[in-house]
Every structure is written in C-alpha cells, then in structure tokens.
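Novice: here is the input, now give the coordinates:
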Amino acid sequence: MRKIRIFNVLHPAIFFLVAFVFFLMVYPFFLEHYFPFFETTSKTRIMLVIYPLIFIMAAHIAPSYLLIKTFPKLKDVVVDIRMDLKYWKRAFYLFFIAGVSLYLYMYLFKMGTIPIFLDNLESARIGVKKGLGKYILIANALISVSLVYRFAIEKFVLGGIKIISVIYLVIGVFFVMGIGFRGPAAYLIVSCFLAYLIFSNKYLTRQGISMRYIILGIVFIVFLSLVGYYRHTGEFSFRAIGSTAWTTAVNVSNLGAIVHNTDKSGLFYYGYTVLSDLGVALGLHENGFTGVILKTKYNMDFEGEGMTITAPGEAYMNFGWVGIVFHAVFLGTLAGFFYEVIMRSGKLSWFVVLVLFSLNFSRLAVGGIVAPGLFFLVPQLILCGAFIIIAKLRI
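Specialist: Numbers count the residues shown, from 1 in each chain. Model prediction:
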C-alpha cells in the first residue's frame, strides 16, 4: 500500500483536502473566535471532521483493492521517460493564441470592455459575463493547458524555464484575470508552478514539496487578499484578512443553511440534485444549477448567481449521513485510483494531466460534483488529449 504523503501536491486527494480545510474548516475551527460572523452548529462541525477522514481513508486504501499491488515511486518512473518533442511548440501556439483570441473577442465585441477596470466591479463582472460562460471556460482551458505543458516540457528538457515562457504566463494571467475573478488566475499560476516543480530532483526524491513552498503559498494567499481588498476599497490594508475569513466563512454558512433546511423539511433529494445539474449542463432544461435554486429557495440575498453547495452539503441534502459516507468514499476512491493510473503510465504527457486534474479536483470540495467536474475538469482533460495528439507527444 502506497503512503499518501501530506506534501505530495501531485496527488488529487491532497489538493482536495487543502481546499476542504481552507474553505470549510479554517473558519469554524480557527477563525470564528476572532471573526464571529455567525455561530457554526455542532452538527456542522462534526460533519466537517467526518467527511475528510472518510475521504482520505478511501483514497489511501481503495487503490490496493482496485489495482495490482505494485506502487512505483515517482523518481523511478520519471527516469524511464523518453521524448519526441518535434511538434510541441506548434500545439502550444495553437492553443495559447486561440485562448487569447477568444478573450479578445469577448472583451472587444461581446463585453465592450475589460471588467476588471470597471467601477463597482463586484456587480459589473457578473452582468458583463452573462451568457458568455462557455467562452470563458474554453478560453481558460486553452490557456491553462498550453502553458502547463510548456512549463513541464521546458523543465524536463532544459532543466529550467525560459524568460519568454514567464512572459507568456503574465499575458495569460492578465487575460484570465480581466474577467474580474482572482481564482482562475491563481489556479493558472499554481498549475504552471507545479508543472515546473514536479520534475525537480528534490520533489522526485521526497515525493513532496519543502516547507518553504508551503510558506510561499501562505504568502501568496495573503497577497491575493490584499489585492482583493484594494480592488474593493482602493487601499492596501491588513483588514483584508477579515475579507479572507469571510471567504472561508460563507461556504460554512451555506453548508449550515443546507443542513438546517434539510432537517427542517425532513426531505432528501435522493440524487435528484445531481441529475438536475447534469440536465442543466447538457442543456436538457433551464431550471438552473442546485446552488441557484437553493439561493432562491432559502431567500438568500447576495451578489452572484448561486450559493456554493459544498461536497458535504451535496451529500447531506441527498441522502443524509449515509450520503456523507458514500460521497466521501466515491471522491476519495476516484482521487486515489486516478493517481495510481497516471503514476504507472510513466508518461510526461499524463503527468501534466495529473497536475490539471489535481488542481481542478479540489474545486469539488466547495462546488459539489457536477458543475466543477463538467465545467473545469472535463474541458481541460479533453484539451490535454487534443494537445497530446497535435503535438504528437510520444512520452
């Protein structure tokens, strides 16, 4: 049985747990005393402890029973990689230019502006992007896949990153962040950093990152908080920490609302929310995603289309405590199984898929299965396959 190392950021389970802890556990267990926006119930706290415990056990144990019990080490797999990189640059420029062009099309012809430069950004960004979600998701995926493959290939072949690649990253971040949301830009930066990091000798030896990168990540989060606060108030202030606390608290508040209203009604959805969200995504009906429906049903008033339903919230509203167990087991098993399949492939092109899968898999902690899965995971995985074919990556 392979050990799941806590700093092995290439493992989807680790990124899921990082997102779960930051967006769902930090407020009730660490910040609520200092920023008492509301009081988290004991039931919600118990749920927030049980779910990740079951998840990590499933991710740790399931691969032993689903796959042959051989667990190659990362450093032993990478040395056997052979490369044919004749066409990778044409694939990069095709994807990157297509992503940037799609953003230019939206900014110049659909929106008539770049949202991040507008006054009252919080409401403006929601209005200007209405009806353009599919374009934004495709453009994000094109830019992300192209840059992550570029960083991974250059690091593996050259042992370092060219200045021009950093410039391309800055350009990509500018266009992605122009919509007015920090999250996608942060994901892009982190994914490129990971593509570079996973082929460093230290990472391959340890199968994990060093503490200095953990500290750097914390600094990065603080920086994003300051930028967000400046965007709203026009000044840099450490009061931004309070806004970050609310970012984590609002997800817990949504989970508490789901638990409260489910218990109050005594009714469960028995999987209907998942099927309904699939129907919306596939264009079978226009009732809206579960988060949008619940926002109206619970009479919530805030800017934004819908509330975050969270993984434990999605599980509980459908099957109660039984749902918590099965939801956590399903996602934990998926994370562990996917990691083992990629590890055994010994292919650089698949390792990049794992980077993007791990990062986007973390979104399921807050958004539930369907919406993040279909709008972030699936498009990027499809484009990874297209990149591999176009670039003729025999690696």
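Novice: contacting residues around Ile50?
Specialist: Applying C-beta atoms under 8 Å, 6 or more residues apart in numbering to Ile50 gives the contacts Ile324, Ala328. For glycine as for every other residue, the C-beta is placed from the backbone atoms N, C-alpha and C.
Novice: right, I mislabeled it, should have said Ala315
Specialist: By C-beta under 8 Å, 6+ apart, the neighbours of Ala315 are Tyr51, Gly323, Ile324, Phe326, His327, Ala328.
Novice: could you redo the last one with a cut-off of 10 Å?
Specialist: With contact set as C-beta atoms under 10 Å, 6 or more residues apart in numbering, Ala315 has these partners: 47, 51, 258, 309, 321-328, 330-331, 368-369.
Novice: and it, how far from Thr273?
Specialist: 10 Å (C-beta to C-beta, to the nearest Å).
Novice: so what's in contact with the two at the same time?
Specialist: What both Ala315 and Thr273 touch, as defined by C-beta under 10 Å, 6+ apart, is the set Ile309, Gly368, Ile369.
Novice: just the C-alpha atoms of stretch 150-169, please, in CSV.
Specialist: Extracted as CSV, the C-alpha positions of stretch 150-169 are listed here (Å, rounded to 0.1, in the frame of the first residue of the first chain):
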residue,chain,number,x,y,z
ARG,A,150,5.1,24.4,-21.9
PHE,A,151,6.4,24.7,-18.3
ALA,A,152,6.6,20.9,-17.9
ILE,A,153,8.4,20.2,-21.1
GLU,A,154,10.9,23.0,-20.7
LYS,A,155,11.7,22.0,-17.1
PHE,A,156,12.1,18.3,-18.1
VAL,A,157,14.2,19.0,-21.2
LEU,A,158,16.2,22.1,-20.3
GLY,A,159,16.2,21.9,-16.5
GLY,A,160,14.7,25.4,-16.3
ILE,A,161,12.2,27.9,-17.7
LYS,A,162,12.9,30.4,-20.5
ILE,A,163,12.1,34.1,-19.8
ILE,A,164,9.7,34.1,-22.8
SER,A,165,7.6,31.4,-21.0
VAL,A,166,7.2,33.6,-18.0
ILE,A,167,6.1,36.4,-20.3
TYR,A,168,3.5,34.2,-21.8
LEU,A,169,2.3,33.3,-18.3
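Novice: how far does stretch 40-59 sit from its chain's centre?
Specialist: 20 Å (C-alpha atoms, centre = their mean, to the nearest Å).
Novice: next, the buried residues of that stretch.
Specialist: With burial defined by 16 or more other C-beta atoms under 10 Å, the residues of stretch 40-59 counted as buried are Thr40, Thr44, Arg45, Met47, Leu48, Tyr51, Pro52, Ile54, Phe55, Ile56, Ala58, Ala59.
Novice: for the stretch 1-150 of the chain, which segments count as helices?
Specialist: 12-20, 26, 42-66, 74-78, 88-105, 121-128, 133-158 (DSSP state H, counting those that start in this stretch).
Novice: chain center to stretch 35-43, what's the gap?
Specialist: On C-alpha atoms, centre = their mean, the centre of stretch 35-43 falls 26 Å from the chain's centre.
Novice: and what of stretch 102-117?
Specialist: The answer for stretch 102-117 is 24 Å, by C-alpha atoms, centre = their mean.
Novice: that one: which residues count as buried?
Specialist: Applying 16+ other C-beta under 10 Å to stretch 102-117 flags Leu102, Tyr103, Met106, Tyr107, Met111, Ile114, Pro115, Ile116 as buried.
Novice: now flag whichever of those residues is closest to Gly160.
Specialist: Tyr103 (28.5 Å; C-beta to C-beta).
Novice: OK, contacts around that closest one?
Specialist: So Tyr103 contacts 111, 114, 135-136, 139-140, 142-143, 172, 174-176, 178-179 (C-beta under 10 Å, 6+ apart).
Novice: low-confidence ranges in the stretch 1-150 of the chain?
Specialist: 1-7, 66-86, 118-131 (pLDDT under 70).
Novice: kindly list the longest helix within the chain.
Specialist: helix 311-345 (DSSP state H).
Novice: per-residue confidence averaged over it?
Specialist: Mean pLDDT, computed over helix 311-345, is 92.
Novice: with stretch 379-392 instead?
Specialist: 86.
Novice: what is the burial count for Ile390?
Specialist: 15 (other C-beta atoms under 10 Å).
Novice: that one in helix, strand or coil?
Specialist: Classification of Ile390 by DSSP: H, G, I helix; E, B strand; the rest coil places it in helix.
Novice: my read: Ile342 touches Leu356, true?
Specialist: No. Counting by C-beta atoms under 10 Å, Ile342 stays clear of Leu356, with 11.1 Å between them.
Novice: neighbour-wise, give me the winner out of the shared contacts of Ala315 and Thr273.
Specialist: Ile309 (29 neighbours).
Novice: what sits against that one?
Specialist: So Ile309 contacts 251, 254-255, 257-258, 273, 277, 289-291, 293-294, 315-317, 366-371 (C-beta under 10 Å, 6+ apart).
Novice: run the last query once more with 8 Å
Specialist: So Ile309 contacts Asn254, Ile258, Thr273, Thr290, Gly291, Leu294, Met317, Gly367, Gly368 (C-beta under 8 Å, 6+ apart).
Novice: same question for Val250.
Specialist: Here Val250 is in contact with Thr308 (C-beta under 8 Å, 6+ apart).
Novice: what's the separation between it and Phe35?
Specialist: From Val250 to Phe35 the distance is 12 Å (C-beta to C-beta).
Novice: could you do Leu267 as well?
Specialist: For Leu267 relative to Phe35 (C-beta to C-beta), the value is 33 Å.
Novice: looking at the two, which is more packed in?
Specialist: Shown here are Leu267 and Phe35; by other C-beta under 10 Å, Phe35 has more neighbours (17 against 10).
Novice: so the more buried one is in contact with Thr247, correct?
Specialist: No. Using C-beta atoms under 8 Å, Phe35 makes no contact with Thr247, being 10.9 Å away.
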